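J.: mind folding the following:
(2 chains)
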Number of protein chains: 2
Amino acid sequence: MGHIWEFEAPARVLSHASAVGREEFLGPLGSLFDYHDESDRFGAKTWEKAEGALGATVFNLALGRAGLSHTAIDLLLAGDLQNQCVASSGGLSVFGVPYLGLYGACSTFVEGLLVSALALNAAQPLSRVAVVTTSHNCAAERQFRLPLEYGGQRTPTAQWTATAGGCLLLERGRQGVCLTAGMAGRMVDGGVSDAANMGAAMAPAAADSLVRWFRESGESPTDYDAIITGDLGQEGSEILSDLLAMKGLSLSDRHRDCGVLLYDRARQDVHAGGSGCGCCASVTAALFLPQLLRGEMRRVLLMATGALMSPTSVQQGGSIVGIAPIVRMEVLEK
Amino acid sequence: MGHIWEFEAPARVLSHASAVGREEFLGPLGSLFDYHDESDRFGAKTWEKAEGALGATVFNLALGRAGLSHTAIDLLLAGDLQNQCVASSGGLSVFGVPYLGLYGACSTFVEGLLVSALALNAAQPLSRVAVVTTSHNCAAERQFRLPLEYGGQRTPTAQWTATAGGCLLLERGRQGVCLTAGMAGRMVDGGVSDAANMGAAMAPAAADSLVRWFRESGESPTDYDAIITGDLGQEGSEILSDLLAMKGLSLSDRHRDCGVLLYDRARQDVHAGGSGCGCCASVTAALFLPQLLRGEMRRVLLMATGALMSPTSVQQGGSIVGIAPIVRMEVLEK
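T.: Residues are numbered from 1 along each chain as shown, chains lettered A, B, ... in the order given. Purely as a prediction, here's the structure:
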């Protein structure tokens, strides 16, 4: 139980794309994203549909970069934070690509990469897979917290759901940036029931996954150019560091958190940092993947973190369960 | 795009379990379920948590039938209809089994079987996988429609979300009841926006999947002992038959729908029949799998159907997107 999955046939990244809203464009990574919409609306009339359109945008951009039609994709793996994942189904149904919907909260992007690697290692006629995840600040705020018009005060530990999406296209192959191993996360209930402190809720699961990874692999964090986490934010990153220290593990200077990187916390009012299914996806597609493609990094661990909760479960006094799946991405040369 | 996946290493069903609420126990299949709770509460204080407890119940029952501890399970695939799938995370986190959350609406059970077959065909150390899906009538009614206390009138095409859950444990192997092939569904938007007619919303996706299956395989429905659909209900089953007839395909006497079978529609007030993630899962585990194990059937197609929508997407005038993944289950002898 809880082993690392080594992929005998690695899944290679064929193409990638990212798109964001205005606030993310104004952050330190702004110029790296393939597309941004100043209005955050992506041509749609509601925030919910805007998120669907954002997913379609990154899928189209990734197809375009690869010079492929959607008919060349055998399987689409997607997910989002909206109730019943309707951003993914609403935005992507038009393509008619065979679909498996995923739900891992903000960890869905790495969950998608894991399933895509399983799929490309498994069934013979399956040759190309797309992973798409999105989030939208305005859709998430009114679903999980309060309508924007209310102007509610946010706590210092609160994170800012990113208006962002990312897509990776993957195929069988062992050249270029490849997924060579992965591990599913275990659901860890750290007893946190504060829905305005997702970092604290997710950090125990992140620590659990990293401890299991390094114990089983015998590797150390310095064997990697970066240990990337999805959206622990400032609060969750500090808690992760403390939890790992108790287990004698230090990520030292290798740790990068997409939620911390996405915004300039001194200048932008995002409190503990970014979050959402699109945070890790967009930052991976815009920042880390190009660094791997350019050879500036050779080997990274990508671990997204998710908080498995709903407003109802929190109102009923339930604690927030964290989860943190991992994939190893490395540059392979033929 | 849209091919059948033939599983070179079939996934064999190692164990199974089902559990239901009172209404399902009073139906024609009542005596076949492993467990039922007269109160529908499964020991929990809220309907939402009751669904989580129901998931834990079927997982425990399936483990018990196999004589296994949960530590023998490498991967848990689960999903439900609650917002952010909190029935699955809330009920199953306690086991600490590596987890991938799925969302395919009422098609989630077959989606889980597909991913389990991919996983067992792929990564070497992955040897045993569990699939758990659940639904709860009272949790679904107040989330999707109206609180029970309101006593709302239901339309004739409405279906009854089953209080039910099912679990299958699978391992690598080619003896006994095995998953030998599968196909992911495509999202099909038939233009139906009536949330009280899920059968009509899902039937076009069901027809799309079956037409693709029989076209590619060259098989005919009579090559199977049964073509099982998840929860089209009476309305959706009739529409499926009409849609297939337009394509020159007839399921003749092979069609069985779990939603039609679960209740006695003449005696129970369920209108068009059962639905929910637990409908197909519980009926498969309680009725069809034992028939395969006893040799009364040798080869079936199991196609679950899902309606990808949320109350918000319906309120915003969106149509309901259907999806229908398929697995082939057959008895293999060593």
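J.: C-alpha from now on. contacts and neighbour counts both.
T.: Fine.
J.: would you verify that A:C167 is located in a strand?
T.: Yes. With DSSP: H, G, I helix; E, B strand; the rest coil as the criterion, A:C167 is located in a strand.
J.: what is it paired to in the beta sheet?
T.: A:A17, A:V132 (DSSP bridges).
J.: which residues does A:P28 contact?
T.: Taking C-alpha atoms under 8 Å, 6 or more residues apart in numbering or on different chains as the contact definition, A:P28 lies against A:261-264.
J.: list of residues touching the helix or strand containing A:A56?
T.: Assigned by DSSP states H and E, A:A56 falls within helix A:47-66. Where contact means C-alpha under 8 Å, 6+ apart, the residues beyond helix A:47-66 that reach it are A:14-20, A:34, A:40-44, A:69-70, A:82, A:86-92, A:130, A:132-136, A:138-139, A:163-169, B:313.
J.: what residues are up against the residue nearest the centre of chain A?
T.: Closest to where the C-alpha atoms of chain A average out (C-alpha atoms, centre = their mean) is A:C280, at 3.3 Å. Contacts here follow C-alpha under 8 Å, 6+ apart; on that basis A:C280 touches A:106, A:109, A:229-231, A:258-259, A:304.
J.: in which helix or strand does it reside?
T.: Following DSSP H and E, the helix or strand that holds A:C280 is helix A:277-283.
J.: so which bits of the stretch 151-300 of chain A are right by chain B?
T.: Contact residues (C-alpha under 8 Å from any C-alpha of the partner chain) of the stretch 151-300 of chain A with chain B: A:184-189.
J.: closest to B:F144 out of those residues?
T.: Ranked by distance to B:F144 (C-alpha to C-alpha), these are led by A:M187 at 26.5 Å.
J.: what's near enough to touch the closest one?
T.: If you count contacts by C-alpha under 8 Å, 6+ apart, A:M187 has them with A:205, A:321-323, B:89, B:93-94, B:96-99.
J.: hmm, back to that, closest one of the residues of the stretch 151-300 of chain A next to chain B to B:L244?
T.: Nearest to B:L244 among those is A:A184, at 39.6 Å by C-alpha to C-alpha.
J.: nearest residue to that closest one other than its sequence neighbours?
T.: Ranked by C-alpha to C-alpha, 6 or more residues apart in numbering or on different chains and with sequence neighbours excluded, the top spatial neighbour of A:A184 is A:P325, at 4.6 Å.
J.: returning to that earlier point: strands - which of the contacts of A:C280 land there?
T.: Judged by DSSP state E, the contacts of A:C280 include A:T229 as members of strands.
J.: so which of the contacts of A:C280 belong to helices?
T.: Under the assignment DSSP state H, the contacts of A:C280 contribute A:109, A:258-259 to helices.
J.: of those residues, which is the most crowded?
T.: Ranked by neighbour count under the definition other C-alpha atoms under 10 Å in any protein chain shown, those are headed by A:F109 with 38 neighbours.
J.: quick check: that one vs B:A272, distance?
T.: Using C-alpha to C-alpha, to the nearest Å, one gets 37 Å for the distance from A:F109 to B:A272.
J.: then A:Q234?
T.: As defined by C-alpha to C-alpha, A:Q234 lies at a distance of 51 Å from B:A272.
J.: A:A206 too?
T.: With C-alpha to C-alpha as the criterion, A:A206 and B:A272 are 45 Å apart.
J.: of those two, who's got more company?
T.: Here A:A206 and B:A272 are compared on neighbour count by other C-alpha under 10 Å; more neighbours surround A:A206, at 34 against 26.
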